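[1] kindly generate the corresponding structure for this input.
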Amino acid sequence: MGQRASRNTFTVRADGVEACAQSQDAAAWPLGYREGVVEGLFLDQFGQLHLDEQARAPRLAVEILAPHPDRTRILVELAERIFRSAWSQDLRLIWRHVVTEMHLAQRLLGDGTAEQVWSAIIEHLQATGEKYEALQQ
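    The predicted model follows:
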């Protein structure tokens, strides 16, 4: 679901991702589903880091994980995958926008370990994006 939403499949994004983000219902949106959607919002079918061109993934991910009791563990696992992943060509064009959206979404996490992990992801994206830009010059 997350991967398809990141490829701008409107119905999937609305019915399978945004609806989940707006709900706290664990029966309608099981914890495993939430984990899978969050991963898919950031990683494509090839394991590359890829976000939709409007960079909605950060806000949606934080909202989807809000009711999850293990959100810190999920973010740690996501961070580990992100740190090892190559970037899609599309992400190289919008990484600054993604970093901005990550900062905005971070406010929804509040203080704590989850917020620290999110900050580490932001720092990684910033450093990697700057590295890609330097290589282009």
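[2] so how many other residues sit close to residue 112?
    11 (other CB atoms under 10 Å). Glycine gets a C-beta too; all of them are placed from N, C-alpha and C.
[3] just residue 15 next, same as before
    Neighbour number of residue 15 under other CB under 10 Å is 12.
[4] do the same with residue 68
    18.
[5] now name the helix or strand holding it.
    Assigned by DSSP states H and E, residue 68 falls within no helix or strand.
[6] is it true that it touches residue 74?
    Yes - Residue 68 is within contact range of residue 74, at 6.5 Å (criterion: CB atoms under 8 Å).
[7] hey, what's in contact with both of these two?
    The contact sets of residue 68 and residue 74 overlap at residue 35 (CB atoms under 8 Å, 6 or more residues apart in numbering).
[8] touching the longest helix along the chain from outside, list them.
    When the chain is parsed with DSSP state H, its longest helix is helix 113-136. Residues outside helix 113-136 that contact it (CB under 8 Å, 6+ apart) are 62, 65, 71-72, 75-76, 78-79, 82-83, 87, 92, 95-96, 98-99, 102-103, 105-106, 109.
[9] would you mark the buried spots in it?
    For helix 113-136, the neighbour count (16 or more other CB atoms under 10 Å) marks 114-115, 117-118, 121-122, 125-126, 128-129 as buried.
[10] how about that helix as CSV, C-alpha atoms only?
    Extracted in CSV, the C-alpha atoms of helix 113-136 (Å, rounded to 0.1, in the frame of the first residue of the first chain):
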residue,chain,number,x,y,z
THR,A,113,13.4,8.2,21.6
ALA,A,114,11.2,8.1,18.5
GLU,A,115,11.9,11.8,17.9
GLN,A,116,15.6,11.2,18.3
VAL,A,117,15.5,8.3,15.7
TRP,A,118,13.5,10.6,13.3
SER,A,119,16.2,13.3,13.8
ALA,A,120,18.9,10.8,12.8
ILE,A,121,17.0,10.0,9.6
ILE,A,122,16.7,13.7,8.8
GLU,A,123,20.4,14.2,9.4
HIS,A,124,21.2,11.2,7.2
LEU,A,125,19.0,12.5,4.4
GLN,A,126,20.5,16.0,4.7
ALA,A,127,24.1,14.7,4.6
THR,A,128,23.5,12.3,1.7
GLY,A,129,21.6,14.9,-0.3
GLU,A,130,24.4,17.3,0.1
LYS,A,131,26.9,14.6,-1.0
TYR,A,132,24.9,13.9,-4.1
GLU,A,133,24.7,17.6,-4.9
ALA,A,134,28.5,18.0,-4.5
LEU,A,135,29.1,15.1,-6.9
GLN,A,136,26.9,16.9,-9.5
